[in-house]
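# generate a structure from the sequence data that follows.
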Amino acid sequence: MQIYKVGGAVRDRLLGRPVTDIDRVVVGESVEQMQALGYRPVGSDFPVFLHPQTGEEYALARTERKSGRGYGGFTFHASPEVTLEQDLIRRDLTINAMAEDDDGHITDPYNGKKDLEDRILRHVSPAFAEDPLRVLRVARFAARYAGLGFTVAPDTLELMRELSESGELQALTAERSWKEIARALMEDQPQVFIQVLRDCGALKELMPEVDALFGVPQPEAHHPEVDTGVHTLAVLEQAAKHQQPLTVRWACLLHNLGKGLTPPEEWPRHIAHEHRGLKLIKAVNQRFKAPRDCQELALLVGEYHTHGHRALELKASTLLELLQSFDVYRRPQRFEEFIAACEMDARARLGLEAREYPQAAYLRGAAEAARAIAVQPLVQQGYTGQALGEAIKKERLKALKAYKDNAGS
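Modelled structure (predicted):
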């Protein structure tokens with residue numbers, strides 16, 4: 001039995017990065033032989049086995065052939081005759097098509113090591129264009145390794161462009177797309193993911209609402225970078241720089257979608273873009289079946305981010321409405337994430353990245369003031385039902401007025 005580590009485990013070791021997942025390929029064995037050795041089969045699409053002692057995964061070397069549309073449209077062939085080189089050639093990028101044996105010897109038939117050294121993301125073979133998911137994967141790798149100087153090879157970008165224009169991206173399931181998008185947004189430079197998708201035409205196919213933001217101007221006084229699409233990339237960059245969670249990064253990506261609907265004759269102003277954008281945010285949320293917490297925060301940030309920026313100017317009654325919308329009494333974390341998204345938005349302005357954002361502390365203080373109102377004394381005064389709700393609201397409004405007066409003094 002010949003066993004090799006393959007893919008990311010080899011790539012990341014050569015890059016000096018931590019190796020988290022180890023994929024292994026077995027050459028020269030059959031399904032029956034693996035089972036006779038005590039390996040337990042777990043793969044439904046192709047032969048994958050669990051080691052009898054360690055429980056680690058081992059896959060038989062295989063070839064694949066395109067048989068339908070989308071990520072799942074492949075038939076696989078695994079047998080003892082399939083060579084290591086045949087298994088490696090079906091992989092996406094040369095840097096992922098290397099294998100290492102137990103002695104540390106590298107098998108590199110497609111020059112992955114040189115592309116690692118040259119910081120190039122290059123496809124292994126023309127079969128790359130058979131799997132639309134690879135467009136998202138390459139963009140994700142570009143986001144992960146951008147800090148090391150990696151770029152996508154021009155001929156690979158051209159294949160990605162052909163895939164984007166072919167309609168194959170529409171065959172991807174929401175679940176597979178979301179998995180790649182979520183992973184990419186959590187990389188060190190998620191803005192590179194969006195930029196690469198745009199460069200190959202995939203953004204227009206997958207998220208036309210985001211693609212439409214590029215070329216749309218904003219008032220230079222508030223946004224020195226002017227272009228709304230460029231600003232969106234910068235917001236994502238700030239979110240990663242400040243290590244924000246996925247919910248915040250997703251909201252940052254979608255918060256300005258309404259500006260893509262502003263008639264050109266109204267540029268660079270975008271009156272009521274917050275409300276106009278909600279139907280677009282809903283559409284993107286549903287298209288990728290984003291998790292509920294991501295969906296909810298994206299909609300709330302889209303609707304209220306301007307309130308966040310204008311927090312110090314808001315009337316006490318408007319502040320109360322904002323806090324009620326976020327249910328800060330039962331879900332304080334969601335309001336914290338809203339504040340974070342607003343701050344990333346404010347910092348993503350050319351030359352203003354380091355400017356303080358006093359609205360954050362002000363909004364936290366307002367939430368604390370409203371939460372400090374005790375319900376029990378009102379119950380003891382005899383309030384119940386709707387009357388109790390009105391009494392609580394009245395007391396919270398009074399507390400916010402006092403907070404606003406003190407903050408301004």
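
# domain-wise, how is this structure divided?
When the chain is parsed with automatic domain parsing, its domains come out as 1-118, 119-206.

# tell me which of the ones you listed sits most buried.
Burial of the domains of the chain is given as mean neighbour count (mean count of other C-beta atoms under 10 Å); domain 119-206 ranks first at a mean of 20. (Each C-beta comes from the backbone N, C-alpha and C, glycine too.)

# now the terminal residues of it, how far apart.
Counting by C-alpha to C-alpha, to the nearest Å, you get 27 Å between the two ends of domain 119-206.

# per-residue confidence averaged over it?
The average pLDDT within domain 119-206 is 96.

# ok, stretch 24-42 next?
91.

# keeping just the C-alphas, turn that stretch into CSV.
In CSV, the C-alpha atoms belonging to stretch 24-42 read as follows (Å, rounded to 0.1, in the frame of the first residue of the first chain):
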residue,chain,number,x,y,z
ARG,A,24,-4.3,11.1,2.4
VAL,A,25,-4.4,9.2,-0.9
VAL,A,26,-3.9,5.5,-1.2
VAL,A,27,-2.4,4.1,-4.5
GLY,A,28,-2.5,0.5,-5.6
GLU,A,29,-5.4,-0.8,-3.5
SER,A,30,-9.0,-1.8,-4.1
VAL,A,31,-12.1,-1.3,-2.1
GLU,A,32,-12.1,-4.9,-1.1
GLN,A,33,-8.4,-4.9,0.0
MET,A,34,-9.0,-1.7,2.1
GLN,A,35,-11.9,-3.4,3.9
ALA,A,36,-9.9,-6.6,4.4
LEU,A,37,-7.3,-4.4,6.2
GLY,A,38,-9.9,-3.1,8.6
TYR,A,39,-10.6,0.3,7.0
ARG,A,40,-14.2,1.4,7.2
PRO,A,41,-15.9,2.8,4.1
VAL,A,42,-17.6,6.2,4.5
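
# distance to residue 343 added to the domains of the chain, as a markdown table?
Listed next are these as a markdown table, based on distance: least, C-beta to C-beta, whole Å:
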| stretch | distance to residue 343 |
| --- | --- |
| domain 1-118 | 30 |
| domain 119-206 | 17 |
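
# tell me which residue lies nearest the centroid of the chain.
For the chain, the residue sitting closest to the mean C-alpha position, by C-alpha atoms, centre = their mean, is residue 185 at 2.7 Å.

# pLDDT-wise, which helix or strand of the chain ranks last?
Of all helical and strand segments in the chain, the minimum by mean pLDDT, DSSP states H and E falls on strand 74-78, at a mean of 72.
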